[in-house]
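In: Take a look and give me a structure for this.
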Amino acid sequence: MTELRDLTPHAAIPAEQAGRDARQRRQLRANLPELVTLERLLAEAPESATVSVAERVSTDGLTLPVYQVTLGAAEPSAPLVLLVGGVHGLERIGTQVVTAWLSMVLHRMRWDRALQHLLGQVRVVVLPLLNPGGMYRNQRSNPNGVDLMRNAPIRAQSGSTFMLGGQRWSRHLPWYIGTPEQAMEPENQALARVIEEEVIGRPFSVALDCHSGFGWRDQIWFPYAYRRRPMRRIASVLALKLLWEQAYPNHEYRFEPQSTHYLTHGDLWDHFYKRINRGTQGAFLPLTLEMGSWRWVRKRPGQLLRLDGLFNPLVPHRTRRALRSHLNWIDFLLHAAASHDQWLPGQDQEPLLRQAALQLWYRDNA
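Out: Prediction:
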């Protein structure tokens, strides 16, 4: 196997090996430009940014790294923002959005005193490309054929949506769950280790997982996906929504529990949310950004003929618009995490906000 960082030809290696490395470099540039762009960015990252490899994934003769970038406060009492992209290999725009935000922050860290001060109060952990093998092969699943978002050991309570909610029949069909009871896939185990090391024990943590999918508008989803009943910290989600709408009243996001659309087996964030909030006094809010891809297809119906065209804006100016349109939302999460004590509902506010959340999102499920 050849790892991406080893693909630099050296004079001492045989000509046959040099030719093989050159072919692999061309394949990487063609099949996985997101990883090439990310590595170039990380090669110039400031010293205050910690770059590590959370996992390595093998596919088609290559060993591809799952990079983890850590910024900001080192204190275990600091609030945390966790950003994840590329869980589904077809949804390249998720990785591109996370990488665009990371690029902006890494460059501003060198001169922006306000940002430096903010990062002194909050910790940021970024996994821009969790599923490099799937993205290299231009498929939703990882190289083992497993849908990473259906691979946690949690089952839908009242029946999942047929196929879409996860299936165990074959890895050759979409939405294959795998065998999470034995062990989650390596990519998900890497994410679990990051959450175990970084989230547990903190007073406040928020995660944003960036996806694209069918829909006319961008949506912010939150747990649960395995049941239609509300999460325990639903009042905190509503408080965050109200805070965002006061700061950015012209936004176009729709906030909803994922169960409004369909139920699934094995949802990663359901699993992590239940695990973290069961054993800690801190608040952990996992959110998913679902970028509506129907808008891109409607404006360019020819994208229906390409698998990646169903999930990504293939026209350059629409890609640039998507990359910049979510920067405010991620910046907002950074500020909200740093100032969580200013808006998280206390005991006196919790019942009222919870009742309002039930009326807003769960009235039909009473």
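
In: Isn't residue 170 up against residue 176?
Out: Yes: applying C-beta atoms under 8 Å, one finds residue 170 in contact with residue 176, separated by 6.6 Å. For glycine as for every other residue, the C-beta is placed from the backbone atoms N, C-alpha and C.

In: between these two, who's got more neighbours?
Out: With neighbours defined as other C-beta atoms under 10 Å, residue 170 and residue 176 compare such that residue 176 has more, 21 against 9.

In: Please name the nearest non-neighbouring residue to residue 57.
Out: residue 133 (4.3 Å; C-beta to C-beta, 6 or more residues apart in numbering).

In: sorry, that was for residue 332
Out: Closest residue to residue 332 apart from its sequence neighbours, by C-beta to C-beta, 6+ apart: residue 244 at 6.0 Å.

In: where's that neighbour, which helix or strand?
Out: helix 234-247 (DSSP states H and E).

In: Give the other helices and strands that that helix contacts.
Out: Applying 3 or more C-beta pairs under 8 Å, 6 or more residues apart in numbering; DSSP states H and E, we find helix 234-247 packed against strand 283-292, helix 327-338, helix 350-361.

In: right, so of those, which gets closest to residue 114?
Out: Residue 114 lies closest to helix 327-338 among the helices and strands packed on helix 234-247, at 10.7 Å (C-beta to C-beta).

In: which regions of the stretch 251-366 of the chain lie under the pLDDT threshold?
Out: 279-281, 365-366 (pLDDT under 70).

In: returning to what we had before: could I get the helices and strands packed on helix 234-247 in CSV, plus columns for distance to residue 33 and mean neighbour count?
Out: Below are the helices and strands packed on helix 234-247 laid out as CSV (distance: least, C-beta to C-beta, whole Å; neighbours: other C-beta atoms under 10 Å):
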stretch, distance to residue 33, mean neighbour count
strand 283-292, 19, 22
helix 327-338, 21, 19
helix 350-361, 39, 15
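
In: Relative to residue 46, which of the ones you listed is closest?
Out: With C-beta to C-beta as the measure, helix 327-338 is the member of these nearest residue 46 (17.1 Å).

In: and the angle for that closest one with helix 234-247?
Out: Computed by axes from the mean of the first three to the mean of the last three C-alpha atoms, to 10 degrees, the angle separating helix 327-338 from helix 234-247 equals 130 degrees.

In: Tell me what angle helix 327-338 forms with strand 283-292.
Out: Orientation of helix 327-338 against strand 283-292 (the same axes, to 10 degrees) gives an angle of 180 degrees.
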